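Q: Predicted coordinates and the sequence they were generated for:
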Amino acid sequence: MASSDPGRRRFLYRLTAASLAGLTPATLRAFAVTPSATTLAVLGGAPIRTAGKAWPKWPHVDDQMVDELVKTARSGIWSRIQSPANGAVARFEKSFASVTGARYCLGTGSGTQALAIGVEALGIGPGDEVITSPYTDFGTISAILTSRALPVMADLDTASYQLDPADVARKITPATKALMPVHMMGLPADMDQIMAIAGKHKLKVIEDACQAHMAKHRGRMLGTIGDLGCFSFQASKAIACGEGGALVCNDEALFDQCFTVHNHGTNRKGKHVTIGPKNRMNEFEAAILNGQLPTAQQRFEQRNRNAAYLSEKLKGFPGLVPQKQYPGTESGGYYNYAMSYKQEHFGGATRAQFLKAMAAEGIPFSPYIPNGLHREAWVEHITQLDEYRKMYSPARLQQFRDAAANMPGCDQVCAEMVALHGSGNLLAGTPDMEDVVRAIMKVYDNRAKLASL
C-alpha cells in the first residue's frame, strides 16, 4: 500500500534522520519490512518475530533471590513477629524505605491490604467518602469498601488514563475525606493538581502506587508525595514476590497507627487498642524482595529506556498515541507501556482486529482492563446493603449511581487501550523494540485488509 499518510511520512523521516545520530545502515535496514514479509502473518505471511525470538520471562528469578529464600527457610524464622527487628521483613522495610526516600515503610500481605490499612489508619469510615479512579484493579475500590466508606469515582483524562482533576474537584462533597489517585501504568497522575485540590479542601491523599515502583515526579518518588503511598508486589508487578505489598509515609504517628491496624489492632507495645485485620507480610515474601531489590534499579532503567525509545519512534504517528505524561514526570514504573488505538487511522478496523494482526506478528499487545469499575455489579450491590442505606441518604446513593453511569472518559480509555506488559517485555533489547515498531507499521500499511480478520 502506498504511504500517503502524513503521520507515516513523519515516522519514516525520523527513521531516516536517525542515521545522523549515529545509527548504522544495518540498523536502519532493520526497520524496513522486506517484500517477502509484507503480507500480514495472520493472512499467511512471514511474521516480524519468529517463534525463536522469545520475550524476557517474568517474574525475574536469580540466584540471589533463591539464596535468600533458602536462608529464610533454614532459619526457622518464618513470621515477622519472631524477629521484629532483624528478620527478612524488617530488612526489607528498611531497604524499601531507602529506595523510596520515605522515613517509614510497612510490609503487608498485598497492595490491596496496604491501601485498606491506610484508609483505616486515617480514620476514614462509615459516612465518609474517598474519591478515586474507575480505571484500576478492584483492590483500589475494595480498600475503601473495607472501612465502609463510599468510593466516589471521578472520570479520566482520556490521554493520560489518570484521574481528571477537574472532575475530582466536581465530586467533592462535605463528606469527602481523602483523594486516592492511581498512578496508572506506573506513570504519575497529575500530582500538582491533585495536591492543590487536597490542600484547598483539607483532604488526605493516599497514593495508589501499586504499579509505580521507583517512578519519580519533580524529584520525589511516587508514594511519598501524599500522606501515604501504597505498593503491590503481586507476581505481575515490576518488583514481585507473588503477593505482598508495602505502605510508606513520613509521619511517625500515622505510621504507628498503620502498624497497629495491620497487626490486628495490636500496637508495638503489645497492647490491643483498636480494630484491624492481620495483614502482616511473611518472611518468605520479604526474602524474595530482599534478593530482588539490589538489581531492581537496573531493570527500572531498562524499562524507561525502552519506553522512551517507543515513544520517540511513535511520535506524530496518529494510529497509536502513547500515554500522555504530565509536567514534572521524570520516570515511570511502566507496569504497562500504554497507547490509545485510533480506529479511524486504521481504515476503521476494530481494535480486536488490530490486536489479532499484531499477535500473529509476534507482538503481545493487550487491551488491558475491558471496562471501568463503574460498570461492575458492586455499584448497585453496595447501594442495597443495609449499612450503606443507614449511612447515606437515598438521594446521595442515587446521585452515586447516576455519577457512576456517566464516565465517558473511562469508557473511551477502555475502548482504545493497547498495552505492552512492562515488567517482562520492556526488559528486552533495542532490536526487540524495533520489532514492535516494524510490526505496527506493517499492520498499518495493510490496514485495508484488517476488516477481513
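A: Yes, it's here. Residues are numbered from 1 along each chain as shown.
Q: immediately after the lowest-mean-pLDDT helix or strand in the chain, which helix or strand?
A: When the helices and strands of the chain are scored by mean pLDDT, DSSP states H and E, helix 25-29 comes last with a mean of 38. Where DSSP states H and E defines the elements, the next helix or strand beyond helix 25-29 is helix 63-75.
Q: export that following helix as CSV, just CAs?
A: Provided in CSV are the C-alpha atoms of helix 63-75 (Å, rounded to 0.1, in the frame of the first residue of the first chain):
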residue,chain,number,x,y,z
ASP,A,63,20.5,-17.0,42.4
GLN,A,64,20.5,-14.1,44.9
MET,A,65,16.7,-14.5,45.3
VAL,A,66,16.9,-18.2,45.7
ASP,A,67,19.7,-17.9,48.3
GLU,A,68,17.6,-15.5,50.3
LEU,A,69,14.7,-17.9,50.3
VAL,A,70,16.8,-20.9,51.3
LYS,A,71,18.4,-18.9,54.1
THR,A,72,15.0,-17.9,55.4
ALA,A,73,13.7,-21.5,55.2
ARG,A,74,16.7,-22.8,57.1
SER,A,75,16.5,-20.1,59.8
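Q: Against which helices or strands is it packed?
A: helix 283-314 (3 or more C-beta pairs under 8 Å, 6 or more residues apart in numbering; DSSP states H and E). (Glycine included, C-beta is placed from N, CA and C.)
Q: so what's the residue nearest to residue 267 when sequence neighbours are not counted up against?
A: Nearest residue to residue 267 in three dimensions, chain neighbours excluded: residue 260, at 4.4 Å (C-beta to C-beta, 6 or more residues apart in numbering). Residue 260 makes contact with 121, 266-268, 273-274, 276, according to C-beta atoms under 8 Å, 6 or more residues apart in numbering.
Q: Can you redo these as TSV, where the extra columns are secondary structure, neighbour count and distance to residue 244?
A: Listed next are those as TSV, based on DSSP: H, G, I helix; E, B strand; the rest coil; neighbours: other C-beta atoms under 10 Å; distance: C-beta to C-beta, whole Å:
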residue	secondary structure	neighbour count	distance to residue 244
121	helix	27	19
266	strand	18	21
267	coil	16	23
268	coil	10	21
273	coil	11	26
274	coil	14	24
276	coil	22	18
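Q: now, which of these sits nearest residue 397?
A: residue 121 (26.5 Å; C-beta to C-beta).
Q: which residues touch the closest one?
A: Residues in contact with residue 121 (C-beta under 8 Å, 6+ apart) are 228, 254, 257-258, 260-261.
Q: need those in JSON lines with pLDDT, secondary structure and distance to residue 395, can you?
A: Listed next are the contacts of residue 121 as JSON lines, based on pLDDT from 0 to 100; DSSP: H, G, I helix; E, B strand; the rest coil; distance: C-beta to C-beta, whole Å:
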{"residue": "228", "pLDDT": "98", "secondary structure": "strand", "distance to residue 395": "31"}
{"residue": "254", "pLDDT": "98", "secondary structure": "helix", "distance to residue 395": "34"}
{"residue": "257", "pLDDT": "98", "secondary structure": "helix", "distance to residue 395": "33"}
{"residue": "258", "pLDDT": "98", "secondary structure": "helix", "distance to residue 395": "35"}
{"residue": "260", "pLDDT": "98", "secondary structure": "helix", "distance to residue 395": "36"}
{"residue": "261", "pLDDT": "98", "secondary structure": "helix", "distance to residue 395": "32"}
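Q: most surrounded residue in those residues?
A: Highest neighbour count within the contacts of residue 121: residue 228, with 32 neighbours (other C-beta atoms under 10 Å).
Q: Please list all residues in contact with the closest residue to residue 422 other than its chain neighbours.
A: The spatially closest residue to residue 422, leaving aside those adjacent along the chain, is residue 334, at 3.7 Å (C-beta to C-beta, 6+ apart). Listed by C-beta under 8 Å, 6+ apart, the contact set of residue 334 reads 185-187, 238, 303-304, 307, 422, 426.
Q: pLDDT weak spots in this structure?
A: Within the chain, the segments meeting pLDDT under 70 span 1-37.
Q: And the strands in it?
A: Along the chain, counting by DSSP state E, strands occupy 104-108, 129-132, 150-153, 176-180, 204-208, 216-217, 220-221, 228-232, 245-249, 320-322, 336-341, 365-366, 417-421.
Q: now these in TSV, with distance to residue 355?
A: Shown next, in TSV, are those (distance: least, C-beta to C-beta, whole Å):
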stretch	distance to residue 355
strand 104-108	35
strand 129-132	28
strand 150-153	27
strand 176-180	31
strand 204-208	27
strand 216-217	31
strand 220-221	33
strand 228-232	26
strand 245-249	31
strand 320-322	12
strand 336-341	8
strand 365-366	5
strand 417-421	7
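Q: For residue 183, see how far away residue 314 is.
A: Distance of residue 314 to residue 183, computed by C-beta to C-beta, to the nearest Å: 22 Å.
Q: what's the answer for residue 365, then?
A: From residue 365 to residue 183 the distance is 22 Å (C-beta to C-beta).
Q: which of the strands of the chain is buried the deepest?
A: Greatest average neighbour count among these goes to strand 228-232 (a mean of 31), per mean count of other C-beta atoms under 10 Å.
Q: That strand pairs with which strands, parallel or anti?
A: strand 204-208 (parallel), strand 245-249 (antiparallel) (DSSP bridges).
Q: Those: which one's closest to residue 349?
A: Nearest to residue 349, of these and by C-beta to C-beta, is strand 204-208 at 34.0 Å.
Q: With only the CA atoms kept, save the closest one in CSV.
A: Output of strand 204-208 as CSV, limited to C-alpha atoms (Å, rounded to 0.1, in the frame of the first residue of the first chain):
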residue,chain,number,x,y,z
LYS,A,204,-5.8,13.5,52.9
VAL,A,205,-4.0,11.9,49.9
ILE,A,206,-3.4,8.2,49.6
GLU,A,207,-1.3,7.4,46.5
ASP,A,208,-2.1,4.1,44.9
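Q: Just checking the distance from that strand to the centre of its chain.
A: Its chain's C-alpha centre and that of strand 204-208 lie 15 Å apart, by C-alpha atoms, centre = their mean, to the nearest Å.
Q: can you give me the angle it makes with strand 176-180?
A: Angle of strand 204-208 versus strand 176-180, following axes from the mean of the first three to the mean of the last three C-alpha atoms, to 10 degrees, is 30 degrees.
Q: mind listing what residue 55 touches?
A: Taking C-beta under 8 Å, 6+ apart, we find residue 55 in contact with 364, 424-425, 428, 432.
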